[in-house]
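>>> this is a predicted model, with the sequence first.
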Amino acid sequence: MICTGSRQRDAWSARRLPAVEQIAPDVWAVPVPAGSLPIRYTLCYLIADDDGCVLIDPGLNTDEAWTTLVRGAAECGFDLADVTRVLITHMHPDHFGLTPRLLEHAPQSRVWLHIADADTVRPDRSAFNEARTAVWRSLMATTGCPDPVRIGERALRSPRLAPDLLHRVDFVADGDRIEVADRTLTAWWTPGHTPGHLCFADERARVLFSGDHLLPTISPNISQLYHLEDDVLALYLSSLDRVALCDEWEVLPAHQFRFRGARERVRDLQEHHTDRLDEIATVLRVRGPISCYDVALALSWHRPIGEQDFRATNLAVKETLAHLVHLRRQGRAVLDAGERWRPNSTKESGANDRSFV
């Protein structure tokens with residue numbers, strides 16, 4: 001992997017906000033702060049259009065982020081009132097958050113997103129959120145988590161669109177083409193991090209706006225949010241295969257810094273998940289039957305779960321659950337009626353690894 005944004009990389013290493021940067025004659029990266037989130041900032045992208053500009057992922061809904069975005073757009077020669085379209089890679093608040101404020105500020109603008117991530121723009125969002133949260137809490141109740149982790153609110157919430165803004169939403173499907181002046185962006189559906197995650201590919205310029213799907217050093221969280229029949233990790237791994245074909249392209253991610261070498265980065269991520277699956281399989285062999293929460297406690301993390309707050313722990317448990325679901329799909333794990341996981345004896349041999357005792 002080759003870093004193509006050295007100033008962005010230096011800012012990331014120094015834990016500071018990068019400067020606005022012109023990447024091409026008609027494309028700018030505008031970093032906006034992400035509050036207390038560990039990713040620190042979101043790289044929004046402005047693309048000049050014939051009658052204004054297009055913005056990808058406006059960022060977190062805070063006054064600081066809004067002020068930074070206004071100032072950054074001005075450095076690029078635009079007022080945010082010039083924004084004609086807002087392209088959303090996915091509906092997490094550090095990407096979608098400022099969209100309602102932006103639509104109010106730019107009366108002619110429209111927002112484009114994948115329908116699978118359309119929760120925030122549903123007219124019945126309150127009722128839908130209640131139903132979704134009930135499913136989510138029911139799922140978490142099967143993991144063996146202590147109450148603060150199990151019943152805590154969803155870690156990430158986005159602001160809703162007011163009813164009078166809903167008519168300004170367009171849904172994008174895989175393969176849809178978006179004309180932006182002389183550029184053609186093709187929407188690539190890359191589910192996994194969220195159900196409706198999109199990358200936007202400029203095939204002629206060999207540039208990929210990758211959102212959170214492909215980041216230079218961070219592995220995006222892959223959480224089991226809903227039913228155990230949904231193998232979200234399989235969706236993510238399949239989506240990685242698609243972007244691996246962009247090996248010589250420049251990848252413009254939503255966090256950290258831009259780079260080339262998608263194939264190597266994809267291989268790293270695939271190996272990471274393979275290693276994690278094998279690590280979990282070993283835990284099941286040595287300690288199963290075992291709850292999902294206890295599996296998560298036994299795994300290696302950047303910081304031990306005992307040192308993380310309940311929201312980070314919640315994410316770790318949901319990612320562990322996603323890997324357990326994938327192991328079950330592979331025939332390597334079984335979920336007992338008591339919500340405890342064990343190895344499938346027909347697939348997993350009795351290893352002698354006792355490191356998880």
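The structure has been received and is ready for your questions.
>>> so what's Glu250 bridging to?
Counting by DSSP bridges, Glu250 is bridged to Val207, Arg260.
>>> is it in contact with Val207, as I believe?
Yes: in this structure Glu250 lies within contact range of Val207 using CB atoms under 8 Å: 5.2 Å. Any C-beta I mention is one placed from the backbone N, CA and C, and that applies to glycine too.
>>> contacting residues around Arg101?
Asn61, Trp66 (CB atoms under 8 Å, 6 or more residues apart in numbering).
>>> the one 5 residues further on too?
If a contact means CB under 8 Å, 6+ apart, then Ala106 has Leu80, Ala81, Asp82, Val83, Thr84 as its contacts.
>>> farthest-apart pair in the residues you listed, please.
Farthest pair in the contacts of Ala106 (CB to CB) is Leu80 and Thr84. Separation: 11.1 Å.
>>> which of those two has more neighbours?
Per other CB atoms under 10 Å, whichever of Leu80 and Thr84 has more neighbours is Leu80, with 22 against 16.
>>> re earlier: so which of the contacts of Ala106 sit within strands?
Residues of the contacts of Ala106 located in strands (DSSP state E): Val83, Thr84.
>>> which one of the contacts of Ala106 is nearest Ala14?
Nearest member of those to Ala14, counting by CB to CB, is Leu80, at 27.8 Å.
>>> Tyr45 and Ala134: what is the separation?
Distance of Tyr45 to Ala134, given as CB to CB, to the nearest Å: 37 Å.
>>> any low-confidence regions in the chain?
120, 122-126, 128-129, 148-159, 346-357 (pLDDT under 70).
>>> what ranges does the stretch 51-200 of the chain have for its strands?
Assignment of strands within the stretch 51-200 of the chain using DSSP state E, counting those that start in this stretch yields the ranges 52-56, 83-87, 110-114, 169-172, 177-180, 183-189, 198-202.
>>> looking at the ones you listed, which is closest to Phe96?
Counting by CB to CB, Phe96 lies closest to strand 110-114 out of the strands of the stretch 51-200 of the chain; the figure is 7.7 Å.
>>> ok, which stretches of this protein are helices?
Using DSSP state H, the helices of the chain run over 6-13, 63-75, 93-96, 99-105, 125-141, 147-150, 232-243, 262-287, 292-298, 310-329.
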